[in-house]
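Peer 1: build the 3D model from these lines:
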Amino acid sequence: MIKKTDGGVTAAKGFEAIGIAAGIKKGKKDMALIYSRIPCEVAGTFTTNVVKAAPVKWDQSVVYGGGSVHAVVVNSGVANACTGEEGLGYCKQTAEKAAELFGIRADQVLVASTGVIGAQIPIDKIRAGIETMQPILAHTQAAATLAAEAIMTTDTVKKEVVVELTLGGKTVTIGGMCKGSGMIHPNMCTMLSFVTTDAAISKELLQKALSASVQDTYNMISVDGDTSTNDTALLLANGEAGNPKITEENEDYATFVKALNEVNTYLAKHMAADGEGASALFEVKVTGAASKADAVTLSKSVITSNLTKAAIFGHDANWGRILCAMGYSGVQFDPEKVDLWFESAAGKLKIIENGVSTGYSEEEATKILSEKEVTAIADVKMGEASATAWGCDLTFDYVKINADYRS
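Peer 2: Take a look at the predicted model:
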């Protein structure tokens, strides 16, 4: 059984965290640290943007290098992207400072940054921040929350989650936190996700589980269609739960993947819901597709349509925009077979049947579309495949936030 519970990245055995204000941003928490007492297996997925931030390059070398890790150092406010060799050198100095304090190797330290692109990070403040955080790390829920708050940029709420499951008769915990509100259109926005678990699992299967989970979670969200230079998802497993180590794709592995998907789905949806300026989470379910790839493409085409996003903001059942977005997606389907519903806490309403309007009540549609979470369900009647994507409405505030992001 998989059970959701309270907490964040410190919920799993052996993990500690903290978040502080290190002076990178004025008057706000801006640095976080995650630490495991014992070495962790690590998996990661990273931005496919050709322009990769220095921390992405550093973490790729650590994750793909095959070794274990102990710590993750995160700063917000400055992305350390487009900073050349100097920026990469600051990643090394960050890792070396943490390594010195913990008595570990620099290649056992991961780093992550988020914020303004093109500026060099204030390395003196980063090094001092690590010195401040190291002695106050804690295994508490409060410490996890401080870490989750410290990685926020334009996010309006912290994002953290915990699930518990049983593997080999042992209770295993998976906890996670993420940040993401703008520049969100992951391809593995500015998206950072950190997940910790006390499960015992091989590095190979840990990576396989994360890579598979990312496809149906983080890669199925979009706020503005911009793939960040810094997108990073890291998964650390220290084995302290004491379950029989997962080394093959057995029943325990399947259970672990299912639980990991719950964590990543929760975090992904909350990033979409907290899109810059957003007033509603917009979920799109495509069913009856000829293939999973078709369903993915169709659902993502709808959530990235600015015209559709604007209609959701206006609580306007302008279904033509949805059908149009599906039509230019590149997927072949018969528009005269499509059925479409809108659904929310206020009810469910069939809008079109076989490609034409059902003569629905505009008043009822507006009521349904006025909720905080709105779902569009499209059945294309081409097969058995389905997919779900998450986005948000497009509001006036999105432009306001991004017009003066640096200033």
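Peer 1: and after the helix or strand harbouring Asn75, which helix or strand comes next?
Peer 2: For Asn75, the element it lies in under DSSP states H and E is strand 69-78. Moving toward the C-terminus from strand 69-78, the next helix or strand (DSSP H and E) is helix 84-102.
Peer 1: distance from the chain centre to that next one, please.
Peer 2: Put simply, helix 84-102 sits 25 Å off its chain's centre (C-alpha atoms, centre = their mean, to the nearest Å).
Peer 1: re earlier: now the angle between helix 84-102 and the strand holding Asn75, please.
Peer 2: 130 degrees (axes from the mean of the first three to the mean of the last three C-alpha atoms, to 10 degrees).
Peer 1: which other helices and strands contact strand 69-78?
Peer 2: Here strand 69-78 is seen to pack against strand 31-46, helix 84-102, strand 109-116, helix 123-133, helix 141-150, strand 192-197, strand 232-237 when contacts are counted using 3 or more C-beta pairs under 8 Å, 6 or more residues apart in numbering; DSSP states H and E. Every C-beta, even on glycine, is put in place using the N, C-alpha and C of the backbone.
Peer 1: list just the one of the ones you listed that sits closest to Ala365.
Peer 2: strand 192-197 (34.8 Å; C-beta to C-beta).
Peer 1: got the angle for that closest one vs strand 69-78?
Peer 2: Computed with the same axes, to 10 degrees, the direction of strand 192-197 lies at 160 degrees from that of strand 69-78.
Peer 1: re earlier: can you tell me which of the helices and strands packed on strand 69-78 comes nearest to Ser370?
Peer 2: Closest to Ser370 of the helices and strands packed on strand 69-78 is helix 141-150 (C-beta to C-beta; 29.9 Å).
Peer 1: for the closest residue to Leu369 other than its chain neighbours, give me its contacts.
Peer 2: The shortest distance from Leu369 to any non-neighbouring residue, by C-beta to C-beta, 6 or more residues apart in numbering, is to His315 (4.2 Å). His315 makes contact with Thr366, Leu369, Ser370, according to C-beta atoms under 8 Å, 6 or more residues apart in numbering.
Peer 1: tally of neighbours for Lys159?
Peer 2: Neighbourhood size, Lys159 [other C-beta atoms under 10 Å]: 25.
Peer 1: which ones are touching it?
Peer 2: Going by C-beta under 8 Å, 6+ apart, the list of residues near Lys159 reads Ala148, Met177, Cys178, Lys179, Gly180, Leu267, His270, Met271, Asp274.
Peer 1: export those residues to JSON lines and tack on secondary structure and pLDDT?
Peer 2: What follows is those, written out as JSON lines (DSSP: H, G, I helix; E, B strand; the rest coil; pLDDT from 0 to 100):
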{"residue": "Ala148", "secondary structure": "helix", "pLDDT": "97"}
{"residue": "Met177", "secondary structure": "strand", "pLDDT": "97"}
{"residue": "Cys178", "secondary structure": "strand", "pLDDT": "95"}
{"residue": "Lys179", "secondary structure": "strand", "pLDDT": "91"}
{"residue": "Gly180", "secondary structure": "coil", "pLDDT": "80"}
{"residue": "Leu267", "secondary structure": "helix", "pLDDT": "95"}
{"residue": "His270", "secondary structure": "helix", "pLDDT": "92"}
{"residue": "Met271", "secondary structure": "helix", "pLDDT": "88"}
{"residue": "Asp274", "secondary structure": "coil", "pLDDT": "83"}
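Peer 1: which one of those residues is nearest to Thr375?
Peer 2: Nearest member of the contacts of Lys159 to Thr375, counting by C-beta to C-beta, is His270, at 15.9 Å.
Peer 1: bridging residues for the spatially closest residue to the closest one that is not a sequence neighbour?
Peer 2: With sequence-adjacent residues excluded and distances taken as C-beta to C-beta, 6+ apart, His270 is closest to Lys159, at 4.6 Å. Per DSSP bridges, the residues bridged to Lys159 are Cys178.
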